[in-house]
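J.: just coords:
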């Protein structure tokens, strides 16, 4: 874990020179000793236990007889993958490099983009046995101090044996752990993290994880992608509206199909009603059973494609989607209209940028499906009211999850639905409560 070359050149050779230069009975002053060691990452450490932990993480702990304090010298040589494009956050426009598992590399990627002396990186630790390093990143004078104080306090209260990933940290520090909705956003792209930090948010980097947490999180921020800022505002606005439409379809399409076909077929136009009846004339299952079977099959297919190696998963998705789906229609087990509905629901869930949000909406979809199967359109309406009420009652580190829709912020409301031109993005989002609201003069 330690660099042999760094220890030899920056520590052992200067120590040998010191031994030849001074007598054994005399010791140099503390300042001379620190100046003698040829390493820029050197700090005093009065605690022997903390110095021991530093040595276990790859650094060097130096103790000199006669001096009451020790030194921690940065000499880590932990192998990690190089900076490469993110495999989960693809983009057409903008930078393609992604974060790695090395915390120092990740902080350097952010520091390279934010050359502000007020950009602060606080080093924290979590894990009683792992002592996992955590970096809290924000801009002093922009980010609300209440947000950073809250995050720092929550991280310091963590008492677990080992912390391996930022996903575990997000669940340990979120304000409402029982809520199905995520309360922290995240990204694997440095340009996205840097842009959000400049907007007044805080980033939390966990050593060993390439996924950086962003707080606070709102529904509108999870539907935003950094690529929108790099393209023409007209096309980006179209994509934003398309994502919101996909958001609604992903949770309501199967429930609406069940509610209309099983309970209120009179809501359909006559031609579509006759077409639906003709497609279902040989189907032996009810509409509810039909949807449950197909959704269960889709979940199995999705999970299998994730767990299989990359060279096999693409073939598995094609085989499952085309061959098995076509065989189910030919066997008369499901109707062709349902295949279209399920396929549309699957596509719309992939359009949502945040994986955590898309996963939570899959659970909401089944909740609405259950209510629609029992009560029809009335159940779907009640389910949507309960879902919206739960969103409005949720907050993320002091920021309402549904902001800027509820409570309403005029400019933020417009900016969440369409992308403003570059010269109109002159303020930071008010609902983040930044210290400095103006970002362009």
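T.: Received it, and whenever you're ready, just let me know what you need. Being a predicted model, the structure only gives us computed values, none of them experimental.
J.: for the stretch 301-441 of the chain, which segments count as helices?
T.: Along the stretch 301-441 of the chain, counting by DSSP state H, counting those that start in this stretch, helices occupy 310-318, 325-330, 336-351, 355-375, 377-393, 410-417.
J.: who's in contact with the third one?
T.: Outside of helix 336-351, the residues that reach it under the criterion C-beta atoms under 8 Å, 6 or more residues apart in numbering are 242-243, 245-247, 249-250, 253-254, 257, 275-276, 279-280, 287, 290-291, 294-295, 298, 302, 321, 325, 328-329, 358, 361-362, 365. (Glycine included, C-beta is placed from N, CA and C.)
J.: swap in the longest one?
T.: Residues outside helix 355-375 that contact it (C-beta under 8 Å, 6+ apart): 88, 180-182, 185-186, 219, 222-223, 247, 250-252, 254-256, 258-259, 262, 288, 291-292, 295, 345, 349-350, 352, 379-380, 382-384, 387.
J.: what residues of it count as buried?
T.: Buried positions in helix 355-375, judged by neighbour count with 16 or more other C-beta atoms under 10 Å: 356-358, 360-362, 364-365, 368-373.
J.: mind putting those in TSV, distance to residue 160 and pLDDT included?
T.: Formatted as TSV, those follow (distance: C-beta to C-beta, whole Å; pLDDT from 0 to 100):
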residue	distance to residue 160	pLDDT
356	20	91
357	25	93
358	27	91
360	23	92
361	29	92
362	28	90
364	29	93
365	32	93
368	35	95
369	36	93
370	35	93
371	37	94
372	40	93
373	40	91
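J.: out of those, what pair is the most spread apart?
T.: Using C-beta to C-beta, the pair of the buried residues of helix 355-375 lying farthest apart is 356 and 373, separated by 26.8 Å.
J.: most centrally placed residue in this protein?
T.: The chain has residue 186 as the residue nearest its centroid, 2.2 Å off, counting by C-alpha atoms, centre = their mean.
J.: now do the contacts for that one.
T.: Counting by C-beta under 8 Å, 6+ apart, residue 186 touches 166, 170, 211, 212, 213, 214, 354, 356.
J.: quick check: mean pLDDT across the helix or strand where it lies?
T.: Element membership for residue 186 (DSSP states H and E) is strand 185-187. Mean per-residue pLDDT for strand 185-187: 92.
J.: next structured bit after that strand?
T.: Sequence order places helix 190-198 as the next helix or strand after strand 185-187, per DSSP H and E.
J.: mind checking how far that following helix is from the chain centre?
T.: How far helix 190-198 lies from its chain's middle: 13 Å, per C-alpha atoms, centre = their mean, to the nearest Å.
J.: okay, now the unreliable bits of the stretch 201-350 of the chain?
T.: Along the stretch 201-350 of the chain, segments meeting pLDDT under 70 span 310-322.
J.: residue 106 touches residue 137, doesn't it?
T.: No. Applying C-beta atoms under 8 Å as the test, residue 106 and residue 137 come out as separate, 9.2 Å apart.
J.: who touches both of those two?
T.: Listed contacts common to residue 106 and residue 137 are residue 205; contacts here mean C-beta under 8 Å, 6+ apart.
J.: now the closest residue to residue 412 other than its chain neighbours: how far from residue 439?
T.: Nearest non-adjacent residue to residue 412, counting by C-beta to C-beta, 6 or more residues apart in numbering: residue 404, 3.0 Å away. For residue 404, the distance to residue 439 equals 16 Å [C-beta to C-beta, to the nearest Å].
J.: top helix in the chain by residue count?
T.: Counting residues, the longest helix found in the chain (DSSP state H) is helix 233-262.
J.: which is the next helix or strand following that helix?
T.: Sequence order places helix 270-279 as the next helix or strand after helix 233-262, per DSSP H and E.
J.: angle of that next one against helix 233-262?
T.: Here helix 270-279 runs at an angle of 60 degrees relative to helix 233-262 (axes from the mean of the first three to the mean of the last three C-alpha atoms, to 10 degrees).
J.: how far is stretch 85-94 from where the chain is centred?
T.: Taking C-alpha atoms, centre = their mean, the mean C-alpha location of stretch 85-94 is offset from the chain mean by 14 Å.
J.: which parts of it are buried?
T.: Using 16+ other C-beta under 10 Å as the test for burial, stretch 85-94 gives 86, 89, 91, 94.
J.: surely the third one and residue 228 touch.
T.: No. In this structure residue 91 lies outside contact range of residue 228 using C-beta under 8 Å: 10.2 Å.
J.: related to what we said a few turns ago, give the partner strands of the strand holding residue 186 in its sheet and their orientations.
T.: strand 212-215 (antiparallel) (DSSP bridges).
J.: need the contact partners of the strand it pairs with.
T.: Applying C-beta under 8 Å, 6+ apart, the contact partners of strand 212-215 are 99, 106, 147, 151, 166, 169-170, 183-188, 193, 196, 201-206, 221, 396-397.
J.: C-terminal to it, what's the next element?
T.: Per DSSP H and E, strand 212-215 leads on to helix 219-222 as the next helix or strand towards the C-terminus.
J.: neighbour-wise, which of residue 404 and residue 439 wins?
T.: Taking other C-beta atoms under 10 Å, residue 404 and residue 439 do not tie; residue 404 has more neighbours (22 against 15).
J.: identify the residues contacting that one.
T.: Neighbouring residues of residue 404 by C-beta under 8 Å, 6+ apart: 218, 220, 411, 412, 413, 415, 416, 429, 430, 431.
J.: distance of residue 404 from residue 219?
T.: 10 Å.
J.: outline the domain layout of the protein.
T.: Recorded structural domains for the chain (assignment: automatic domain parsing) are 4-73, 103-217, 230-396.
J.: all set, thanks.
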